[in-house]
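>>> What shape does this take:
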Amino acid sequence: MSDCLFCKIISGEIPSNKVYEDEICYAFYDISPMAPTHFLVIPKVHFASAAEVTEETAPVIGHIYMVIAKLAKEMGFADGFRVVTNCGEIAGQTVHHIHFHVLSGKQLGSFN
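Predicted coordinates:
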């Protein structure tokens, strides 16, 4: 999508601090980190949120989780991290391109 912030990051139109890239996904550090390690992993194919996952896009989500596990091992935090995806504005989603926040490097609170 031409007006999507994350599509512009993927295309290189907007700069980012890249963590990882392959043919399916792109990962980059969050500009407002909430933990010592905080990056986003986004699919290169555009769809808005987890509410739009289909049989066709499900393998993309599986690939993203595989990449997250690989990066956690390579970056040394496989023993503890959080993956968050917000779905819709009421849940705090501000960019409507599905994305996964990966956070680690400090004790993260529980959801009570």
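>>> so what strands line up beside whichever strand in the chain runs longest?
Ordering each strand of the chain by length in residues (DSSP state E) puts strand 37-43 first. Note on strand 37-43: by DSSP bridges, its sheet partners are strand 25-29 (antiparallel), strand 100-104 (antiparallel).
>>> Show the subsequent helix or strand relative to that strand.
Going down the chain from strand 37-43, the next helix or strand is helix 58-75, by DSSP states H and E.
>>> Just after that following helix, pick out the following helix or strand.
By DSSP H and E, the next helix or strand past helix 58-75 is strand 82-84.
>>> Can you check which of the strands paired with strand 37-43 gets nearest to S110?
strand 100-104 (13.6 Å; CB to CB). Any C-beta I mention is one placed from the backbone N, CA and C, and that applies to glycine too.
>>> quick one on the thing from earlier: F111: which of the strands paired with strand 37-43 is closest?
That would be, of those and by CB to CB, strand 100-104, which comes in at 13.2 Å.
>>> circling back to that earlier point, output the strands paired with strand 37-43 as TSV; include the columns distance to A48.
Formatted as TSV, those follow (distance: least, CB to CB, whole Å):
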stretch	distance to A48
strand 25-29	16
strand 100-104	14
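>>> Quick one: work out the angle between the longest strand of the chain and helix 58-75.
Compare the direction of strand 37-43 with that of helix 58-75 by axes from the mean of the first three to the mean of the last three CA atoms, to 10 degrees and you get 150 degrees.
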